[in-house]
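*Asks:* Return atomic coordinates for the entry below.
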Amino acid sequence: MTDERDPSFIKAFEDLTFLKREELRPVRLMLELTKAEMLQREAGIRSTIVVFGSARIKEPALARVQLEAAHRLRDQRPGNPAAERAVAVAERMVKNAVYYDMAREFARIVSTSCQADGRCDYVIVTGGGPGIMEAANRGADDVGAKTIGLNIVLPLEQRPNPYITRGLGFNFHYFAIRKMHFMLRAKALVAFPGGFGTIDELFEALTLVQTGKVAHLPVVLVGRAFWEKAIDVPHFVDSGLIAPEDVHLFRYAETAQEAWRHIVDYYAEFGED
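*Replies:* Numbering: from 1, shown residues only. Down below sits the predicted model:
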């Protein structure tokens, strides 16, 4: 005899076990797309600037603390290869920490310029985690502006940073839907040095622009020396794998002000849709 404790008796939209079934994946995809879309619309978010970059880059003070810790460990283990490598990596991370400050400054500049008088244009959106993501959300928060975090369930790195605006921090299960939300309102993409995740998001965006799947938008790579070493674009061209004009899909910047200037100049020349 069926009673109220029987799983079949639970209303479908209240039955989490049912919603997690394999056959319900299309419904879950739709829910992930719809929830973030509705809440952003209700918050008045009209357009965004996407900021990507490494979750591992620390603010300068913390990077220096970690370098000191690596030195102490090496002193305790003289000649140990792992300890020597840890010092070398920590030294590079101290140098990379400049990008944390740069991302924070960039977000302050954009948010101050574009969120005046209650407008929600060019709202900074990140992956919601630590490192460069934290820095960009933090810069917007510094000036009291709205800022969005699109977190995703991962084994590591994905705790929401404390600078995401309340009500605009989302948690995704599906990478595909998260990537859609990065691009749906994007008016520009700014990529700081990063690893696999940053490269993945960058190439995804460049492909969408190249193929016309999204409206053309400025893509700015911060730190030319890093990007030219990480991605040999001339090799793609020389190998006939991309068209020569594809190298113009992005621009380089060395400062927060230069990154913002590229975006401003782009829209001054081409206008907005």
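*Asks:* residues in contact with residue 164?
*Replies:* Residue 164 makes contact with 128, 137, 147-149 under the criterion C-beta atoms under 8 Å, 6 or more residues apart in numbering. For glycine as for every other residue, the C-beta is placed from the backbone atoms N, C-alpha and C.
*Asks:* of all these, which two lie farthest apart?
*Replies:* 128 and 147 (9.7 Å; C-beta to C-beta).
*Asks:* Find residues that contact each of the two.
*Replies:* By C-beta under 8 Å, 6+ apart, the residues touching both residue 128 and residue 147 are 137, 164.
*Asks:* Quick check on residue 208: phi, psi?
*Replies:* Per-residue torsions, residue 208: phi -60, psi -40 (degrees, to the nearest 10).
*Asks:* Next, count neighbours for it.
*Replies:* 18 (other C-beta atoms under 10 Å).
*Asks:* how far away is the residue lying closest to it once chain neighbours are set aside from residue 95?
*Replies:* In space, and not counting its chain neighbours, residue 208 is closest to residue 214: 4.5 Å by C-beta to C-beta, 6 or more residues apart in numbering. Distance of residue 214 to residue 95, computed by C-beta to C-beta, to the nearest Å: 34 Å.
*Asks:* Among these two, which residue is more densely surrounded?
*Replies:* residue 214 (14 against 10).
*Asks:* wait, that one sits on residue 206?
*Replies:* No - with contacts counted by C-beta atoms under 8 Å, residue 214 stays clear of residue 206, the gap being 10.5 Å.
*Asks:* quick revisit: neighbour-wise, which of the contacts of residue 164 leads?
*Replies:* Ranking the contacts of residue 164 using other C-beta under 10 Å puts residue 137 first, with 31 neighbours.
*Asks:* so who does it touch?
*Replies:* Residue 137 touches 107, 124, 126, 128, 147, 149, 161, 163-164, counting by C-beta under 8 Å, 6+ apart.
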